[in-house]
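Asker: sequence unknown, structure follows:
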């Protein structure tokens, strides 16, 4: 079956399998979340996993998680392009899985959904599979799908899986004092003991390993090779989730959860036609390279998030070496160049370019600024991968040259290069312009003053500002910033107060000015209205490769230049219709789209943003078609660079038909360049737009009592 072009309803065969009752679905969802999100737990409940049948003589239905797994296998491997990415050895694993008995299949999928780690066999509890799983485990071991404790040869890994009491028992048997030793130090003490303790067979590590494995007991872990095959299958099933939604390295549980939520009726995806004429991966090796790159990216992200910058640096160097070898093959670059940019992001070279970009941050954390500058110049010399990051790279380059290396002339030269780069847009372009003007105006750089004529003028005028005051709540706890007391709850005689954010305080201020309606929605407010009024165009037919899975909430080119260029005629025509529409027509369009699509998953559209369809209609009526078309045009023509920076608040009055957009700044906050540009753009459309600065005043009585 060729699935290169089909309506998404074709997949209803998969989606509708094993429809479940609300009660059973609730149990299944809870159990699935336990197993996939809390996969590090040693036990798992198994209640409610099979769907009860009315006739007890019938064979019980296959549990949802196995059905979903088989759905993915069928969907991917029946597609000719995807099937060609698996060799004979890969397919042997798939066929071996399909010919297993059902109990073995269930246990394999259960373990596949969990964290890739060793599991104590005695702690595995899946009574719906078998009360005693040892026989099932033995079958998986014989098939080569499961490893046992005999394959545990790394002492450190064994010690990490021992419980605290078992660790103490092992330490005592080695005559290592354990009083007050935390776990990490106890493990290290045992490892050190193994290195210094000599036996007739060498050091003592082998003896300690034998004792530790005996304490650990029977353990199992999925074999890497077949697990890797099934992980690649899930990766291909829904590539779009790999970049934004899926936890990388998790074995693809997110896709399985998505199928479950659809079957339960908890999630509904829009109707669209799947049309995928382009092969993203030309060969199996392309897919393997991409998979390896994603794993490296995940590893360096984890290292950075835990402030382990030296290990992150080593990972970055490994990635750079692999990327360098890939670049030696001109055929890879040629094929990548033939892909549109929104598909090119699924190539190994794109991912490695992103890893090198993270390497800039690593160098900066290690204060190796010259290396950071050299890497940035190398990244900026390419025009094939991650070109939408040019603006950010030029910003970092100029900052490192000016502030850290004290080379203002080179910084200005880098800025001029950036301003000439068509990929540098929006806030990044403005940030470079502001830095360039400051460099030329600085008394520290007299030689640069004459070069100011080379700079374009700053495009912004002074933005309207208002200042309000608010009583700040005296709280000294992490995570609490700019917490205020509502104006109607504070009195000198009472300490019972209601706290609020700086945005909620500002909304109260504008209500007093006659704006009875207001939303703290930032860009979500405008994206919701935009997607309601252009839904059919966002999900239109005829654009190649943007819909490759029935479980997409937006086209793959949503944040690329391709989105507007591929739909230019339809978008321009719709924007003109909105521009010319009267208030009643706008409200009717909002209502019709809301009724037709309410609840469907659409990235950027938040169905809870407005209280009701009437709430959304009220704002659309106040804004009018001319203003809405202007905002939508900027969003749709360059969503990648314009999706952020929209004002915090949108306030309006359905009585007076007035509205205002407001960027709120609490104590110590400053406008970003993207926020400046959006406010300036709103003003150019004739809207009332302003910055609301909130000045904090103290609540003296509360301050005294909190000390």
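Answerer: Done, it's in. Treat the numbers as computed from the prediction; the structure is a model and nothing was measured.
Asker: shouldn't residue 554 be in contact with residue 538?
Answerer: Yes: Residue 554 lies in contact with residue 538 (C-beta atoms under 8 Å); the separation is 7.1 Å. The C-beta positions use only the backbone N, C-alpha and C, and glycine is treated the same way.
Asker: between the two, which contacts overlap?
Answerer: Overlap of the contact sets of residue 554 and residue 538 (by C-beta atoms under 8 Å, 6 or more residues apart in numbering) consists of residue 602.
Asker: low-scoring stretches of the stretch 401-550 of the chain, by residue?
Answerer: 475-481, 487-497 (pLDDT under 70).
Asker: please state the offset of the top helix by length along the chain from the chain centre?
Answerer: If you go by DSSP state H, the chain has its longest helix at helix 613-637. The chain centre lies 28 Å from the centre of helix 613-637; the measure is C-alpha atoms, centre = their mean, to the nearest Å.
Asker: tell me the first helix or strand C-terminal of that helix.
Answerer: helix 639-642 (DSSP states H and E).
Asker: what does the helix or strand that comes right after that next one contact?
Answerer: Downstream of helix 639-642, the first helix or strand assigned by DSSP H and E is strand 649-653. Residues outside strand 649-653 that contact it (C-beta under 8 Å, 6+ apart): 503, 506-507, 510-511, 514-521, 525-526, 618-619, 622-623, 658-664, 692.
Asker: stretch 397-408 too?
Answerer: With C-beta under 8 Å, 6+ apart, stretch 397-408 has contacts from 364, 369-370, 372-373, 376-377, 380, 410-411, 414-415, 418, 432, 435, 439, 442, 444-445, 448.
Asker: where's the nearest residue in space to residue 380 that is not next to it in sequence relative to residue 372, distance?
Answerer: Spatially, and ignoring its direct neighbours in sequence, residue 380 is nearest to residue 393 (5.5 Å; C-beta to C-beta, 6 or more residues apart in numbering). Per C-beta to C-beta, to the nearest Å, residue 393 is found 10 Å from residue 372.
Asker: hey, what's in contact with both of the two?
Answerer: residue 360.
Asker: which helices and strands sit right next to the host helix or strand of residue 195?
Answerer: Using DSSP H and E, residue 195 sits within helix 183-196. Applying 3 or more C-beta pairs under 8 Å, 6 or more residues apart in numbering; DSSP states H and E, we find helix 183-196 packed against helix 155-161, helix 164-173, strand 202-203, helix 205-216.
Asker: so which of those comes closest to residue 565?
Answerer: Nearest to residue 565, of all the helices and strands packed on helix 183-196, is helix 155-161, at 51.6 Å by C-beta to C-beta.
Asker: any buried residues in the closest one, and which?
Answerer: Neighbour counts over helix 155-161 (16 or more other C-beta atoms under 10 Å) mark 155, 158, 159, 161 as buried.
Asker: now render those as CSV, adding distance to residue 143 and pLDDT.
Answerer: Shown next, in CSV, are those (distance: C-beta to C-beta, whole Å; pLDDT from 0 to 100):
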residue, distance to residue 143, pLDDT
155, 28, 86
158, 25, 83
159, 29, 86
161, 24, 79
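Asker: can I get the residues you listed in JSON lines with distance to residue 641?
Answerer: Converted to JSON lines, the buried residues of helix 155-161 look like this (distance: C-beta to C-beta, whole Å):
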{"residue": "155", "distance to residue 641": "51"}
{"residue": "158", "distance to residue 641": "50"}
{"residue": "159", "distance to residue 641": "50"}
{"residue": "161", "distance to residue 641": "47"}
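Asker: what is the nearest of these to residue 85?
Answerer: Looking across the buried residues of helix 155-161 and measuring by C-beta to C-beta, the closest to residue 85 is residue 161, at 34.5 Å.
Asker: partners of the strand ranked longest in the chain in the sheet?
Answerer: Looking across the chain with DSSP state E, the single longest strand is strand 688-698. Note on strand 688-698: by DSSP bridges, its sheet partners are strand 465-472 (parallel), strand 658-665 (parallel).
Asker: can I get those strands in TSV with distance to residue 87 and mean neighbour count?
Answerer: Converted to TSV, the strands paired with strand 688-698 look like this (distance: least, C-beta to C-beta, whole Å; neighbours: other C-beta atoms under 10 Å):
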stretch	distance to residue 87	mean neighbour count
strand 465-472	64	17
strand 658-665	55	22
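Asker: any chance of these in a markdown table, with distance to residue 192 too?
Answerer: Listed next are the strands paired with strand 688-698 as a markdown table, based on distance: least, C-beta to C-beta, whole Å:
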| stretch | distance to residue 192 |
| --- | --- |
| strand 465-472 | 52 |
| strand 658-665 | 55 |
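Asker: which of those sits closest to residue 279?
Answerer: strand 658-665 (44.9 Å).
Asker: I'd like the mean pLDDT over that closest one, please.
Answerer: In this model, strand 658-665 carries a mean pLDDT of 96.
Asker: and the very next helix or strand once past that strand, what's buried?
Answerer: Following strand 658-665 in sequence order, the next helix or strand is helix 673-684 (DSSP H and E). Under the neighbour-count criterion of 16+ other C-beta under 10 Å, helix 673-684 has 673, 674, 675, 676, 677, 678, 679, 681, 682, 683 buried.
Asker: and the contacts of stretch 397-408, which of them are buried?
Answerer: 364, 369, 372-373, 376, 380, 410-411, 414-415, 418, 432, 435, 439, 445, 448.
Asker: sorry, back to before: can you pull the contacts of the residue nearest to residue 380?
Answerer: 357, 360, 376, 379, 380.
Asker: so which strand or helix has the second one?
Answerer: Element membership of residue 360 [criterion: DSSP H and E] is helix 348-365.
Asker: residues in contact with the very next helix or strand once past that helix?
Answerer: The helix or strand immediately downstream of helix 348-365 is helix 369-380, counting by DSSP H and E. Residues from elsewhere that reach helix 369-380 (C-beta under 8 Å, 6+ apart): 353, 356-357, 359-360, 363-364, 386, 389-390, 393-394, 396-397, 400-401, 404-405, 417.
Asker: of these, select the buried ones using a PyMOL command.
Answerer: To isolate the buried ones among the contacts of helix 369-380 in PyMOL, judged by 16+ other C-beta under 10 Å, type:
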select buried, resi 353+356+357+359+360+363+364+386+389+390+393+394+396+397+400+401+417
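Asker: related to what we said a few turns ago, quick one: closest of the strands paired with strand 688-698 to residue 107.
Answerer: strand 658-665 (53.6 Å).
Asker: quick one: distance of the closest one to the chain centre.
Answerer: 29 Å.
Asker: now do it against strand 649-653, angle only.
Answerer: 150 degrees (axes from the mean of the first three to the mean of the last three C-alpha atoms, to 10 degrees).
Asker: strand 658-665 vs helix 673-684, what angle?
Answerer: Using the same axes, to 10 degrees: strand 658-665 against helix 673-684 is 160 degrees.
Asker: closest to residue 143 among the buried residues of helix 673-684?
Answerer: Checking those against residue 143 by C-beta to C-beta gives residue 674 as the nearest, at 54.6 Å.
Asker: where does the stretch 51-200 of the chain dip in pLDDT?
Answerer: 51-60, 179, 198-200.
Asker: what's in contact with stretch 593-610?
Answerer: Contacts of stretch 593-610 (C-beta under 8 Å, 6+ apart): 267-270, 519, 521, 524-525, 527-528, 530-533, 535, 538, 553-554, 558, 613, 616, 619, 643.
Asker: go again with 7 Å.
Answerer: 267-270, 519, 521, 524-525, 527-528, 531-533, 535, 553-554, 558, 613, 616 (C-beta atoms under 7 Å, 6 or more residues apart in numbering).
Asker: hmm, back to that, tabulate the helices and strands packed on helix 183-196 (JSON lines), appending distance to residue 144.
Answerer: Formatted as JSON lines, those follow (distance: least, C-beta to C-beta, whole Å):
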{"stretch": "helix 155-161", "distance to residue 144": "21"}
{"stretch": "helix 164-173", "distance to residue 144": "29"}
{"stretch": "strand 202-203", "distance to residue 144": "31"}
{"stretch": "helix 205-216", "distance to residue 144": "21"}
